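Colleague: Structure, please.
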Amino acid sequence: MDTIEKIRQRARQRQKTIILPEYNDRRVQEAALIIQKEGIAKVILLTPEMVDPKEKERYIAEFYETHKDKDWTLDRVKEAFQDTLYYAAMMTAEGKVDGIVAGAAHTTPDMARAAIRCLGIDSRITIASRCFIMVVPNCHYGDEGTFIFADCGIIPDPNARQLSCIAVAASELAVKVLDLVPRVALLSYSTKGSAKGKNIDKIGEALNILKETAPDLLVDGELQVDTAIVPEVAKIKYPSSPIGGKANILIFPNLEAGNIGYKLVQRLANARALGPLLLGMNKPASDLSRGCLVEDIVDCVAVTAIMAK
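Modeller: Below is the predicted model of the structure:
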């Protein structure tokens with residue numbers, strides 16, 4: 001059974017309810033039918049007719065009370081709730097559904113803001129980030145071609161503490177969704193001092209933070225990507241590396257590298273890129289690409305269902 005089918009099967013076993021607020025997108029409509037037919041999850045395609053006016057007013061009041069000190073006027077809140085996205089996010093926060101998947105018809109900033117403001121940030125992780133589950137065909141690196149790439153969508157230039165938080169959040173997803181033992185590589189253009197620079201020092205600091213805050217996590221850095229994922233290269237460049245060229249979680253030094261990296265692998269290696277999956281939220285959320293396919297939506301719903309408590 002390949003990685004995609006394993007994810008769908010694990011979701012079937014959980015039978016969580018996932019809300020899809022982009023009711024008028026054809027791809028979302030088709031995905032909802034497939035999800036229901038295959039029994040992957042229970043889905044709610046949230047149409048305007050399903051919005052309860054009294055609940056909407058309550059959500060607006062609660063949201064305004066929480067965010068009024070952050071330049072959110074009541075008129076601005078009411079305008080935001082004209083879109084079903086915020087109503088769906090508040091339903092998720094309240095526990096009426098188990099997770100939310102959107103982004104086919106919303107930009108990344110729109111989806112991320114709604115998730116962060118409505119769902120809130122996990123106090124253990126402290127930041128929001130995005131990752132992809134990458135499934136590379138005919139590949140024996142990682143876990144038979146399965147990787148997690150992060151952060152690929154939110155933090156432009158993470159500092160050392162933020163890198164460590166991204167690594168922890170991505171590792172937890174690997175365990176929960178993929179049932180993998182995380183082997184984390186903090187990527188760089190340098191391998192253990194082969195070059196010098198401010199960014200390299202940042203990665204070393206992130207490693208030290210992880211050793212202190214997550215001592216059981218198998219992690220190493222700074223590593224060039226070939227040293228991180230190719231055992232033969234690791235033996236030459238850094239034979240004492242604890243991950244030995246077998247990393248399955250790649251933490252990129254900045255957003256440019258992460259975004260470019262996942263798109264190169266997706267296009268040149270014909271890889272499946274599941275996500276973007278939001279990390280660090282109090283409740284599960286997935287932020288689809290606006291160029292997503294129907295099968296991408298189906299698989300993001302499956303992952304989101306597995307992430308639900």
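
Colleague: remind me which residues of this protein are low pLDDT?
Modeller: Across the chain, the ranges flagged by pLDDT under 70 are 1.

Colleague: what's the domain layout of the chain?
Modeller: Following automatic domain parsing, one finds the domains of the chain at 1-120+281-309, 126-278.

Colleague: Closest to the centroid, which residue in the protein?
Modeller: The centroid of the chain falls nearest to Leu277 when counting by CA atoms, centre = their mean (2.4 Å).

Colleague: Show the contacting residues for Val181.
Modeller: Residues in contact with Val181 (CB atoms under 8 Å, 6 or more residues apart in numbering) are 175, 218. For every residue, glycine as well, the C-beta is placed using N, CA and C.

Colleague: three-state assignment of it?
Modeller: Three-state call for Val181 (DSSP: H, G, I helix; E, B strand; the rest coil): coil.

Colleague: do Val219 as well
Modeller: Val219 - assigned by three-state DSSP - is strand.

Colleague: Spell out which helix or strand contains the residue nearest to it when sequence neighbours are not counted, please.
Modeller: Closest residue to Val219 apart from its sequence neighbours, by CB to CB, 6 or more residues apart in numbering: Val184 at 4.0 Å. Using DSSP states H and E, Val184 sits in strand 183-187.

Colleague: following that strand, which helix or strand shows up next?
Modeller: Proceeding N to C from strand 183-187, the next assigned helix or strand is helix 198-213, under DSSP H and E.

Colleague: Surely the residue nearest to Val219 is in contact with Ala167?
Modeller: Yes. Between Val184 and Ala167 there is a contact under CB atoms under 8 Å: 5.2 Å.

Colleague: The residue nearest to the centre of the chain belongs to a strand?
Modeller: Yes. Using three-state DSSP, the assignment for Leu277 is a strand.

Colleague: Can you tell me who it pairs with across the strands?
Modeller: On the basis of DSSP bridges, Leu277 is bridged to Cys131, Ser286.

Colleague: For it, give its distance to Thr73.
Modeller: 32 Å (CB to CB, to the nearest Å).

Colleague: try Leu180
Modeller: For Leu180, the distance to Thr73 equals 45 Å [CB to CB].

Colleague: So the two - more neighbours on which side?
Modeller: Remark: of Leu180 and Thr73, Leu180 carries more neighbours, 19 against 11, as counted by other CB atoms under 10 Å.

Colleague: nearest spatial neighbour of that one, skipping sequence neighbours?
Modeller: Sequence neighbours aside, Ala174 is the residue nearest to Leu180 in space, at 4.6 Å (criterion: CB to CB, 6+ apart).

Colleague: was I right about that neighbour contacting Ile249?
Modeller: Yes. In this structure, Ala174 is within contact of Ile249 by CB under 8 Å, at 5.9 Å.
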